[in-house]
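[1] Below is the sequence, then the predicted model.
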Amino acid sequence: TKSVIKNIQWITGNNFTVERGRRQIEEYISTWDVHRSWLHWSEFLQEEELKYSKRYHYRVCWSVPTRRKPIPRATASIYFVIEISKIKPATLPVEVFFTLESSRLIHRPEQCQFREKWLKDIIENKIILMERL
């Protein structure tokens, strides 16, 4: 069976603000199938001015705190970019893509089903690296 790719209705360029962008990322993340033990927080990082667009960079930091270890040994970050074209009509939805902190692969919400395993892999690899050092 093919899994359904979940997405949201993204804001149009003319209605975009930095805070609305962050809230939309939170709304999109809420469609992901992750265990409730995962906690996250999101933040705006920077605005990038390009010739034909503006890009807004965000970070969502994930961890699994527990009673025994309320401060997790490692976290996993996902970096989102919301891009607003200077050429296309401002009434069109913004472009959105994201990357995992340990990867250069660019994911698009409408083309990719998020996997909780990605977060687990990042954290496991960090813990292995810390133990080796």
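    Happy to help now that I have it.

[2] What is the helix or strand Glu124 falls within packed up against?
    In this structure, Glu124 is located in helix 116-132 according to DSSP states H and E. Where contact means 3 or more C-beta pairs under 8 Å, 6 or more residues apart in numbering; DSSP states H and E, helix 116-132 is packed against strand 76-85. Backbone N, C-alpha and C define where each C-beta goes, glycine included.

[3] Going C-terminal from the strand it packs on, what's the next secondary structure element?
    Following strand 76-85 in sequence order, the next helix or strand is strand 95-100 (DSSP H and E).

[4] If you count neighbours, what's buried in the helix or strand bottoming out on mean pLDDT in the chain?
    Sorting the helices and strands of the chain by mean pLDDT, DSSP states H and E puts helix 116-132 at the bottom, at a mean of 94. For helix 116-132, burial by neighbour count (16 or more other C-beta atoms under 10 Å) applies to 118-120, 122-123, 126.

[5] now stretch 27-35
    Here stretch 27-35 shows 28-29, 34 as buried, counting by 16+ other C-beta under 10 Å.

[6] returning to what we had before: next one: the least confident helix or strand of the chain to chain centre, how far?
    Put simply, helix 116-132 sits 18 Å off its chain's centre (C-alpha atoms, centre = their mean, to the nearest Å).

[7] Phi, psi for the nearest residue to Ile84 once chain neighbours are set aside please.
    With C-beta to C-beta, 6 or more residues apart in numbering as the criterion, Ile84 has its nearest non-adjacent residue at 4.4 Å, and that residue is Gly13. The phi/psi pair for Gly13 (degrees, to the nearest 10) reads phi -60, psi -40.

[8] just to revisit the earlier point, just the angle between the helix holding Glu124 and strand 76-85, please?
    Relative orientation of helix 116-132 and strand 76-85, computed by axes from the mean of the first three to the mean of the last three C-alpha atoms, to 10 degrees: 130 degrees.
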